[in-house]
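Colleague: Using only what follows, build the 3D model:
(one chain, ligands or ions: 1)
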Amino acid sequence: MTIEGSVLVVNAGSSSLKYQVLDPATDEVIADGLAERIGEATSSIKHWYRGSEVRREVSLPDHRAAIALVVDLFAADGVDVADSGLSAVGHRVVHGGRSFFAPTLITDEVHSEIERISSLAPLHNPANLIGIDAVTALLPDVPAVAVFDTAFFSDLPDEAALYALDSAVADEYAIRRYGFHGTSHEYVSARAAEFLGRDLAEVNQIVLHLGNGASASAVRGGVPVDTTMGMTPLEGLVMGTRTGDIDAGIVFQLARVADMSIQDIDTLFNKRSGLKGLCGENDFRAILERVDAGDEAADRAYRVYLHRLRRYIGAYMIELGRVDAIVFTAGVGENAVPVRADSLAGLENYGIRIDAERNAVRSDEPRVISTDDSAVTVLVVPTNEELAIARAAVAVAGM
Ligand code: ADP
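Modeller: As a prediction, this is how the structure comes out:
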């Protein structure tokens, strides 16, 4: 068996490397893997190929070492990656700035431009580029396509995209709201319309991507009109370890009274806040168990999380005017039954009625969880960013 004609999808984070090999003709996942804690004392890798899995604790000093190990693991499966006839590579790139509005073939110029806009996403884009370079060194002749997390939101209307900031400063430093998780919001909103058997152009949706990172979007007829993440993925909903919306005055206050550096505050807001900051934990399963057991800190964190989520659901209902569907996706949205029930509780007057039995069903398939008489259809639609990236890579590479 080979992986000829398949697409390799790569998502390189600062200390992780996720990959998948998919058959674009059938959407079948052929291989799937994750290297974690790259650059730390002990790293780990999980590699799955056609039903058999390998897990190892190893030493991976950098992303090149991780790729070399992935190549070795494929070799043990009988696959020579460098000579396997892959048709394309799709790379997730977090920030496309004002330069990239669609999946783009990575040429030298494109590479330089991604590098240039890295200052907009210093926590993300440099890692994405390391992944691109390591894979390109291995597969120089396979077309590589960058798929940007911001692309879906690149036409947000001014009123949603602009901060009320001195325009001269905003323009000079490209400060505006870009939005992220776009690949997921685009895939899920299209899949929801397809599942409902309706034309995407006729459906107004609120998409709730609730994972460790979390964002909501308002999508009018397939076109996003607002989203909760902004210039960076820090804005908006309460997340696993990120604050979401926060008074910018807190930055000045912490610098003044706590003598914290910009780097300290960046780390505080991105890594030590959100649910983790409020109750010491960011795994939602554990939080829900603690809530059930009467744990006060977990209960408070859960209420803060829900309050913010409900605030945005309300805002997007007003922005859209008519809402046909509210769609839950990602780890929490797909699995956390109470989050779906509690975030939409008491909204019967707005035409939203959850069916408790349907909501309790566990499944990997898209499904409706509202009652038949609910004016707004509420759905769970599993996201699949890898598949979306693979399809985009094939479309661009095949041109
Ligand atoms: P990301 O891609 O942002 O890292 P995911 O979309 O994988 O995140 O979502 C991770 C989150 O989903 C974690 O908080 C995890 O606890 C939560 N999650 C996964 N399964 C369940 C479940 N069965 N019940 C509640 N939460 C869950």
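
Colleague: Pretty sure residue 125 sits against residue 113.
Modeller: No: at 10.7 Å, residue 125 does not count as touching residue 113 under the criterion of Cβ atoms under 8 Å. In short, each C-beta sits where N, CA and C put it, glycine included.

Colleague: what about residue 171, which SS state?
Modeller: Secondary structure, DSSP: H, G, I helix; E, B strand; the rest coil: residue 171 is helix.

Colleague: is stretch 279-298 up against the ligand anywhere?
Modeller: Yes: with Cβ under 6 Å from any ligand atom as the criterion, the ligand is reached by stretch 279-298 at 283, 284, 285, 288.

Colleague: Any of the residues you listed buried? List them.
Modeller: Among the residues of stretch 279-298 next to the ligand, those that count as buried by neighbour count (16 or more other Cβ atoms under 10 Å) are 284, 288.

Colleague: tell me the two of the residues of stretch 279-298 next to the ligand that are most distant?
Modeller: In the residues of stretch 279-298 next to the ligand, the most distant members under the criterion Cβ to Cβ are 283 and 288, with 9.4 Å between them.

Colleague: And the helix or strand hosting residue 318, how far out from the chain middle?
Modeller: Secondary structure here is read from DSSP states H and E; on that basis residue 318 sits in helix 296-320. With Cα atoms, centre = their mean, to the nearest Å as the basis, the distance from the averaged C-alpha position of helix 296-320 to the chain average is 19 Å.

Colleague: distance of residue 165 from the ligand?
Modeller: From residue 165 over to the ligand the distance is 28 Å, taken as Cβ to the nearest ligand atom, to the nearest Å.

Colleague: How about residue 69?
Modeller: Distance of residue 69 to the ligand, computed by Cβ to the nearest ligand atom: 22 Å.

Colleague: Need the phi and psi values for residue 385.
Modeller: The phi and psi values for residue 385, taken as degrees, to the nearest 10, are phi -70, psi -30.

Colleague: on that earlier part again, who's more crowded, residue 125 and residue 113?
Modeller: Just comparing residue 125 and residue 113: by other Cβ atoms under 10 Å the higher neighbour count belongs to residue 125, 22 against 18.

Colleague: From residue 26, how far out is that one?
Modeller: The gap separating residue 125 from residue 26 is 32 Å, by Cβ to Cβ, to the nearest Å.

Colleague: Number of residues surrounding the residue of the chain found nearest the ligand?
Modeller: Using Cβ to the nearest ligand atom, the single residue of the chain nearest to the ligand is residue 331, 2.0 Å away. Neighbours of residue 331 under the rule other Cβ under 10 Å: 18.

Colleague: Can you name the next helix or strand after the helix or strand that it is a member of?
Modeller: Assigning secondary structure by DSSP H and E places residue 331 in helix 330-335. Using DSSP H and E, the helix or strand that follows helix 330-335 towards the C-terminus is helix 337-343.

Colleague: same for that next one, what does it pack against?
Modeller: The contact analysis (3 or more Cβ pairs under 8 Å, 6 or more residues apart in numbering; DSSP states H and E) places helix 337-343 against helix 284-292, helix 296-320, helix 330-335, helix 356-360.

Colleague: want to try TSV for these, with distance to residue 30 and mean pLDDT as columns?
Modeller: Supplementary listing: the helices and strands packed on helix 337-343 in TSV, determined by distance: least, Cβ to Cβ, whole Å; pLDDT from 0 to 100:
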stretch	distance to residue 30	mean pLDDT
helix 284-292	29	97
helix 296-320	36	98
helix 330-335	23	97
helix 356-360	33	98
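
Colleague: Counting neighbours, what do you get for residue 14?
Modeller: 14.

Colleague: Identify the residue nearest it in space, chain neighbours excluded?
Modeller: residue 127 (4.5 Å; Cβ to Cβ, 6 or more residues apart in numbering).

Colleague: who's in contact with the one you found?
Modeller: 12, 13, 14, 63 (Cβ atoms under 8 Å, 6 or more residues apart in numbering).

Colleague: Look at the second one and say how many residues are nearby.
Modeller: It stands for residue 13. Here the count is done by other Cβ under 10 Å, and residue 13 has 19 residues near it.

Colleague: Dig out what residue 223 forms beta bridges with.
Modeller: When bridges are assigned using DSSP bridges, the partners listed for residue 223 are residue 220.

Colleague: So what does the residue lying farthest from the centre of the chain have for phi and psi?
Modeller: When each C-alpha in the chain is compared with the mean C-alpha position (Cα atoms, centre = their mean), residue 257 comes out farthest, at 34.7 Å. Recorded main-chain torsions at residue 257 are phi -90, psi -20, according to degrees, to the nearest 10.

Colleague: cool, residue 180 as well?
Modeller: Dihedral pair for residue 180: phi -140, psi -180, per degrees, to the nearest 10.

Colleague: hang on, isn't it packed against residue 92?
Modeller: No: in terms of Cβ under 8 Å, residue 180 does not count as a neighbour of residue 92; the distance is 10.8 Å.

Colleague: Show the contacting residues for the closest residue to residue 76 other than its chain neighbours.
Modeller: Of all residues not flanking residue 76 in the chain, residue 54 sits nearest, at 7.7 Å (Cβ to Cβ, 6+ apart). Contacts for residue 54 (Cβ under 8 Å, 6+ apart) come out as 45, 46, 47, 48, 73, 76.

Colleague: you'd agree the first one is in a strand?
Modeller: Just to be clear, that refers to residue 45. Yes: residue state for residue 45 (three-state DSSP) corresponds to a strand.

Colleague: In contact with the nearest residue to it once chain neighbours are set aside: list those residues for me.
Modeller: Beyond its immediate neighbours in the sequence, the residue positioned closest to residue 45 (Cβ to Cβ, 6+ apart) is residue 35, lying 4.6 Å away. With contact set as Cβ under 8 Å, 6+ apart, residue 35 has these partners: 16, 17, 43, 44, 45, 60, 66, 69, 70.
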